[in-house]
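Engineer: Predicted coordinates and the sequence they were generated for:
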Amino acid sequence: MTAGPLVVLVGPMGSGKSTVGALLAERLGVPYRDTDADIVAAQGREISDIFVDEGEPYFRELERQAVAAAVAGHTGVLALGGGAVLDPGTRALLAGLPVAYLSMDVEEAVRRVGLGAARPLLAVNPRRQWRELMEARRPLYTEVARVVVATDERTPEEVAQAVLDALELKDV
Ligand SMILES: Nc1ncnc2c1ncn2[C@@H]1O[C@H](COP(=O)(O)OP(=O)(O)OP(=O)(O)O)[C@@H](O)[C@H]1O
Ligand SMILES: O=C(O)C1=C[C@@H](O)[C@@H](O)[C@H](O)C1
Ligand SMILES: [Mg+2]
């Protein structure tokens, strides 16, 4: 058996990757890792600052490297940044891995992430930007996912359980 993440979570901003990822790690008794957090730690600045200072393509390259390092080096629960699947190399890397796509509809997204300045891609007109982002990304999340778990009207605990069931993983 090859070593690698036990679960990889993908999905849009606010779908609950960090919240559910931490719960899953606890349930499975393994470490949790988040590529957004890896980038912030390595860069010593927030993602919104990287977007403003260097632009999105620069961030995407940092993200590509962070995902490759985490997929190769982490055996626990791994959450990817919401846009990580935009990179074709990243999508190829995820092929065959236990990837769960956490989905949610637009109203739930606006309730959860609202107008938060920490999410630069939704800074202006979040509803419209959300729809546009999802039109481009839904096929990509679906392409890399082994399972799709809807998060609307579910608590984080219920989502974590649904991921375990869908991937046929047993907790400790
Ligand atoms: N199932 C849920 N039901 C209600 N609220 C939730 C649920 N999952 C997460 N949340 C809330 O939604 C917000 C976003 O969740 P979280 O930060 O885990 O998302 P994320 O996918 O990691 O986002 P990002 O891509 O920006 O890192 C948080 O306030 C969290 O408490
Ligand atoms: O969906 C996106 O493109 C992003 C999601 C976040 O996780 C961060 O990686 C960043 O804010 C970009
Ligand atoms: Mg997160």
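Structural biologist: That came in fine, so what should we check first? Ligands and ions are numbered 1, 2, ... in the order given.
Engineer: ok, how many other residues are close to Thr142?
Structural biologist: Thr142 has 13 neighbours, counted by other Cβ atoms under 10 Å. C-betas here are computed from N, CA, C, even on glycine.
Engineer: Which helix or strand contains it?
Structural biologist: helix 126-144 (DSSP states H and E).
Engineer: got it, and Tyr101?
Structural biologist: strand 99-103.
Engineer: Touching that strand from outside, list them.
Structural biologist: Counting by Cβ atoms under 8 Å, 6 or more residues apart in numbering, strand 99-103 makes contact with 7-11, 15-17, 20, 141-142, 144-152, 159, 163, 166-167, all of which sit outside it.
Engineer: Please pick the buried ones from those.
Structural biologist: 7-11, 15-17, 20, 141, 144-146, 149, 151, 159, 163, 167 (16 or more other Cβ atoms under 10 Å).
Engineer: And the pLDDT for the nearest residue to Glu46 once chain neighbours are set aside?
Structural biologist: Spatially, and ignoring its direct neighbours in sequence, Glu46 is nearest to Val40 (6.2 Å; Cβ to Cβ, 6 or more residues apart in numbering). Listed pLDDT for Val40 reads 98.
Engineer: Quick one: the strands in the protein, in order.
Structural biologist: 7-10, 32-34, 77-79, 99-103, 147-150 (DSSP state E).
Engineer: CSV for those strands, including distance to ligand 2 and mean pLDDT?
Structural biologist: Below are the strands of the chain laid out as CSV (distance: least, Cβ to the nearest ligand atom, whole Å; pLDDT from 0 to 100):
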stretch, distance to ligand 2, mean pLDDT
strand 7-10, 10, 98
strand 32-34, 9, 96
strand 77-79, 8, 98
strand 99-103, 12, 98
strand 147-150, 17, 98
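Engineer: Take those strands and write them to a markdown table, including distance to Tyr58.
Structural biologist: As requested, these are exported to a markdown table (distance: least, Cβ to Cβ, whole Å):
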| stretch | distance to Tyr58 |
| --- | --- |
| strand 7-10 | 22 |
| strand 32-34 | 20 |
| strand 77-79 | 21 |
| strand 99-103 | 26 |
| strand 147-150 | 31 |
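Engineer: For Gln129, grab the count of nearby residues.
Structural biologist: Neighbours of Gln129 (other Cβ under 10 Å): 14.
Engineer: ditto for Ser48
Structural biologist: Neighbour count of Ser48, defined by other Cβ under 10 Å: 16.
Engineer: ditto for the one 3 residues further on
Structural biologist: By other Cβ under 10 Å, 16 other residues sit near Phe51.
Engineer: Also Arg131?
Structural biologist: 13.
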